[in-house]
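Visitor: just a sequence and a predicted model for now, questions to come.
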Amino acid sequence: MPWRALSLAAFRLDDGGGDDAALHPVERRRAAALPAGMPRERFLSGRRGARLLAAGLLGVDAADLELDYACVHCGACGAVDHGRPGYRRPGDRDGVRLSLSRTGPWCLLAGTADPSVAAVGVDVDDRARMTFPGFDDVALTPAERSVLDGIRTEGEASRMRARLWSRKEAFLKATGSGLLRDPADVDVLSDSLEGIELEDLVPLPLGLPGELTAAIAVRRAG
């Protein structure tokens with residue numbers, strides 16, 4: 001089970017505020033560029049949660065963490081406030097590997113300081129988002145569509161679509177490419193793909209509503 005080496009945290013993004021002073025200036029600038037109201041507050045809540053998880057894993061105060069975000073196009077840290085999230089202790093070369101996912105008011109975080117884990121991706125989603133016409137054509141591989149064709153009830157098909165999408169999102173986050181890579185070319189029916197381990201997560205034990213779907217992907221070092 002790939003997630004056993006990681007810490008998972010789920011919470012409501014709308015539950016209270018926090019100390020934005022602990023955020024990095026580029027994180028605060030990213031938030032300021034968002035529309036005022038709920039999107040901005042949920043963004044900030046997610047970043048505060050990610051910092052707290054990283055601080056706990058590294059044993060330091062959240063305000064002392066250095067930003068260690070990386071983008072496959074922009075490079076690493078400096079002014080990068082997007083891409084694969086990460087934080088590190090001042091002076092350290094390596095920090096924690098983190099992944100963050102939001103759907104509606106809910107957030108799911110996964111993180112580890114274990115050097116045997118090179119990257120992690122996590123996703124939580126609402127299956128209602130996969131009901132639009134054409135979803136299968138733009139998001140699923142032929143093999144995945146074939147599996148759906150064999151499902152008799154719409155409820156079961158809806159759950160399978162959500163499961164496949166969560167696995168794709170988690171996998172693509174672990175690769176660092178995100179949705180810059182066509183999800184319709186990524187087959188996630190197996191639990192291992194391109195050296196990345198995939199696993200479905202059960203929402204309720206994590207503190208998430210049962211109607212949500214979640215998955216995690218882990219790439220080992222070496």
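Guide: Looks like it arrived, so ask away. What you see is a predicted model; the values in this text were computed from it and never measured.
Visitor: list the buried residues for stretch 59-73?
Guide: Val60, Ala62, Leu65, Leu67, Asp68, Tyr69, Ala70 (16 or more other CB atoms under 10 Å). The C-beta positions use only the backbone N, C-alpha and C, and glycine is treated the same way.
Visitor: just the ones in helices from those, please.
Guide: The helices, defined by DSSP state H, take in nothing from the buried residues of stretch 59-73.
Visitor: export those to JSON lines and tack on distance to Leu172?
Guide: Listed next are those as JSON lines, based on distance: CB to CB, whole Å:
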{"residue": "Val60", "distance to Leu172": "30"}
{"residue": "Ala62", "distance to Leu172": "28"}
{"residue": "Leu65", "distance to Leu172": "25"}
{"residue": "Leu67", "distance to Leu172": "22"}
{"residue": "Asp68", "distance to Leu172": "20"}
{"residue": "Tyr69", "distance to Leu172": "17"}
{"residue": "Ala70", "distance to Leu172": "15"}
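Visitor: quick one, which residue of the chain lies the farthest from its center?
Guide: Farthest-out residue of the chain from its mean C-alpha position, per CA atoms, centre = their mean: Arg152, at 30.7 Å.
Visitor: what bridges to Val120?
Guide: On the basis of DSSP bridges, Val120 is bridged to Val218.
Visitor: that one: neighbouring residues, count only.
Guide: 27 (other CB atoms under 10 Å).
Visitor: measure Gly37 to Leu13 for me?
Guide: 13 Å (CB to CB, to the nearest Å).
Visitor: those two: who's more crowded?
Guide: Taking other CB under 10 Å, Gly37 and Leu13 do not tie; Leu13 has more neighbours (20 against 8).
Visitor: now that one, what are its backbone angles?
Guide: Here is the backbone geometry of Leu13 (degrees, to the nearest 10): phi -70, psi -20.
Visitor: isn't it right next to Thr103, touching?
Guide: No: with contact defined as CB atoms under 8 Å, Leu13 does not reach Thr103; the gap is 9.7 Å.
Visitor: OK, contacts around the closest residue to Pro90 other than its chain neighbours?
Guide: Excluding its sequence neighbours, the residue lying closest to Pro90 (CB to CB, 6 or more residues apart in numbering) is Glu66, at 5.6 Å. With contacts defined as CB atoms under 8 Å, 6 or more residues apart in numbering, the neighbours of Glu66 are His24, Cys77, Tyr87, Arg88, Arg89, Pro90, Asp92, Gly95.
Visitor: switch to 10 Å and redo it
Guide: Glu66 is in contact with His24, Cys77, Gly86, Tyr87, Arg88, Arg89, Pro90, Gly91, Asp92, Gly95, counting by CB atoms under 10 Å, 6 or more residues apart in numbering.
Visitor: would you list the buried entries among the residues you listed?
Guide: His24, Cys77, Gly86, Tyr87, Arg88, Arg89, Gly95.
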